[in-house]
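J.: Next input, structure requested:
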Amino acid sequence: MTITDAPPAARPARRRRIVLTVLLWLSLIPAAVWLLGRTFGWEAGHWVMFLAFTPYVAVWTLIPLAASLIARRWAAAAVAALIAFGFAVAVVPRALPDSDKGPESGVELRVMTANLLFSGADPEAVVKLVREQRVDVLAVQEFTERGQNALQVAGLEEILPHRQFAPEWGASGSGLYSRYPFAEQAAKRNTGGFQQAHAAVQVPGAGTIYVESVHPLAPSERDRIPGWSTDLREQVPAEGGLPKILMGDFNATLDHRQLRDLIGTGYRDAADAVGKGLVGSWGPYDGDPIPPVTIDHVLVDERIGVKDVKVYPVAESDHRAVIAWVTVPTA
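T.: This is a model prediction of the structure:
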């Protein structure tokens with residue numbers, strides 16, 4: 001035996017230490033790749049769907065960090081800390097209110113968006129929520145003629161008499177309801193094939209604002225990714241013209257570069273602004289094992305302030321309703 005050879009009894013312990021070190025380093029690779037993809041905006045194939053779960057991966061990064069510290073693998077711990085810090089920078093601000101939420105003075109407007117799940121959502125529940133929360137403008141997606149009739153019977157048009165409808169069978173229909181009259185109104189079909197109702201809403205004491213019910217194509221299959229990407233890229237930018245509010249099922253979270261680019265044109269995400277950007281709006285429902293993700297948003301022009309956001313379940317829908325209290329500048 002040479003002087004450098006370990007005693008036979010020590011060899012298993014040494015092998016266990018090596019195996020542990022290798023496993024710790026291997027555990028860092030998925031999170032590191034995920035962080036790089038998210039940071040540099042790589043969005044292709046099924047990776048687009050996985051990105052929606054970035055906040056959960058951010059929490060998971062604490063596990064290899066803790067394991068490395070406990071095992072005293074300082075190099076691995078340092079790298080794990082850097083990865084965890086990178087995720088924290090991307091995710092944690094959504095749980096913290098912004099110092100700048102936009103103008104505080106002006107006319108308060110309550111807006112709500114709800115995906116109706118092929119208009120299978122309980123119309124009475126939708127109308128009750130609108131009435132109790134005193135909603136002024138409602139955007140709906142997956143809006144069919146059957147759903148339109150059901151909401152009318154439930155009394156929605158008595159509360160919000162002004163409307164722009166583009167109902168269609170399936171998931172592609174869209175609609176807007178408003179307490180206040182429209183100066184202009186129309187609907188457009190996006191590249192993914194979904195209708196997006198929009199209108200210029202005349203808010204008393206605050207002039208006119210542009211509101212659109214947004215619904216890009218869902219990136220649920222590989223061949224739908226180009227349409228999803230184009231739909232987000234072609235949303236109305238904030239700068240210029242009337243103050244704007246885009247709200248709906250964006251089929252994207254703040255971890256998707258396309259949505260961040262849209263916000264970068266001059267919007268703020270209302271939930272993110274008030275520290276509620278991690279509140280899930282879709283899933284799990286009906287026993288699905290999918291954890292909640294935040295794909296329903298209210299984006300407001302930076303000329304509009306944000307006071308609060310609340311998320312409410314809607315019976316018989318796989319999405320929750322998002323209600324934002326915003327402040328529109330006076331005329």
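
J.: Provide the secondary structure category for Gly280.
T.: Recorded secondary structure, Gly280: coil (DSSP: H, G, I helix; E, B strand; the rest coil).

J.: low-scoring pLDDT stretches of the chain, where are they?
T.: 1-10, 284-288 (pLDDT under 70).

J.: The same query, at a cut-off of 50, please.
T.: 1, 3 (pLDDT under 50).

J.: okay, now the domains of this protein?
T.: As given by automatic domain parsing, the domain ranges for the chain are 8-94, 100-328.

J.: in the stretch 51-200 of the chain, which spans are strands?
T.: 107-115, 137-141, 162-166, 174-178, 182-189, 195-203 (DSSP state E, counting those that start in this stretch).

J.: Tell me which helix or strand comes right after the last one.
T.: If you walk from strand 195-203 toward the C-terminus, the next helix or strand you reach (DSSP states H and E) is strand 207-214.

J.: What's the first helix or strand after that next one?
T.: The element immediately downstream of strand 207-214 (helix or strand, assigned by DSSP H and E) is helix 225-233.

J.: Show residues contacting that next one.
T.: Residues from elsewhere that reach helix 225-233 (CB atoms under 8 Å, 6 or more residues apart in numbering): 43-45, 48, 190-194, 216-219, 250-252, 256, 258-259, 261-262. The C-beta positions use only the backbone N, C-alpha and C, and glycine is treated the same way.

J.: got the angle between it and strand 195-203?
T.: Angle between the axes of helix 225-233 and strand 195-203 is 10 degrees (criterion: axes from the mean of the first three to the mean of the last three CA atoms, to 10 degrees).

J.: CA atoms only for helix 225-233, dumped as CSV, please.
T.: Extracted as CSV, the C-alpha positions of helix 225-233 are listed here (Å, rounded to 0.1, in the frame of the first residue of the first chain):
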residue,chain,number,x,y,z
ILE,A,225,-46.4,28.3,-31.4
PRO,A,226,-46.0,30.6,-34.4
GLY,A,227,-49.6,31.8,-34.2
TRP,A,228,-49.3,32.3,-30.5
SER,A,229,-46.1,34.3,-30.9
THR,A,230,-47.6,36.5,-33.7
ASP,A,231,-50.8,37.1,-31.7
LEU,A,232,-48.8,38.5,-28.8
ARG,A,233,-46.5,40.5,-31.0
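
J.: quick one: the helices in the protein?
T.: 11-39, 47-51, 54-60, 62-71, 74-91, 123-132, 145-153, 156-159, 225-233, 257-263, 270-273 (DSSP state H).

J.: Most tightly packed of those helices?
T.: Among those, ranked by average contacts under mean count of other CB atoms under 10 Å, first place goes to helix 270-273 (a mean of 26).

J.: What is it packed up against?
T.: The contact analysis (3 or more CB pairs under 8 Å, 6 or more residues apart in numbering; DSSP states H and E) places helix 270-273 against strand 296-301, strand 305-312, strand 321-328.

J.: now the first one against strand 137-141, angle please.
T.: Looking back up the chat, that one is strand 296-301. Using the same axes, to 10 degrees: strand 296-301 against strand 137-141 is 130 degrees.

J.: any idea how far the residue positioned nearest the centre of the chain lies from Asp318?
T.: Centroid-nearest residue in the chain, with CA atoms, centre = their mean: Ile295, separated by 3.0 Å. For Ile295, the distance to Asp318 (CB to CB, to the nearest Å) stands at 11 Å.

J.: follow-up on the earlier one: and the strands of the stretch 51-200 of the chain as CSV, adding mean neighbour count and distance to Leu96?
T.: Listed next are the strands of the stretch 51-200 of the chain as CSV, based on neighbours: other CB atoms under 10 Å; distance: least, CB to CB, whole Å:
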stretch, mean neighbour count, distance to Leu96
strand 107-115, 23, 23
strand 137-141, 29, 27
strand 162-166, 19, 36
strand 174-178, 26, 32
strand 182-189, 15, 36
strand 195-203, 24, 30
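
J.: For Ala95, which of those strands is the nearest?
T.: Evaluated over the strands of the stretch 51-200 of the chain, closeness to Ala95 peaks at strand 107-115, with 21.1 Å, by CB to CB.

J.: Which neighbouring elements make contact with the closest one?
T.: Taking 3+ CB pairs under 8 Å, 6+ apart as the contact cut, strand 107-115 packs with helix 123-132, strand 137-141, strand 207-214, strand 244-249, strand 296-301, strand 321-328.

J.: What helices and strands are in contact with the last one?
T.: Pointing back at strand 321-328 there. Checking 3+ CB pairs under 8 Å, 6+ apart, strand 321-328 ends up next to strand 107-115, helix 123-132, strand 244-249, helix 270-273, strand 296-301, strand 305-312.

J.: Can you point out the buried residues in the last one?
T.: Within strand 305-312, the residues that count as buried by 16 or more other CB atoms under 10 Å are 305-307, 309-311.

J.: Wait, Arg320 touches Val314, no?
T.: Yes. Look at Arg320 against Val314 with CB atoms under 8 Å: they come within range, at 6.4 Å.

J.: Which of these two has more residues huddled nearby?
T.: Each of Arg320 and Val314 has its neighbours counted (other CB atoms under 10 Å); Arg320 has more, 22 against 19.
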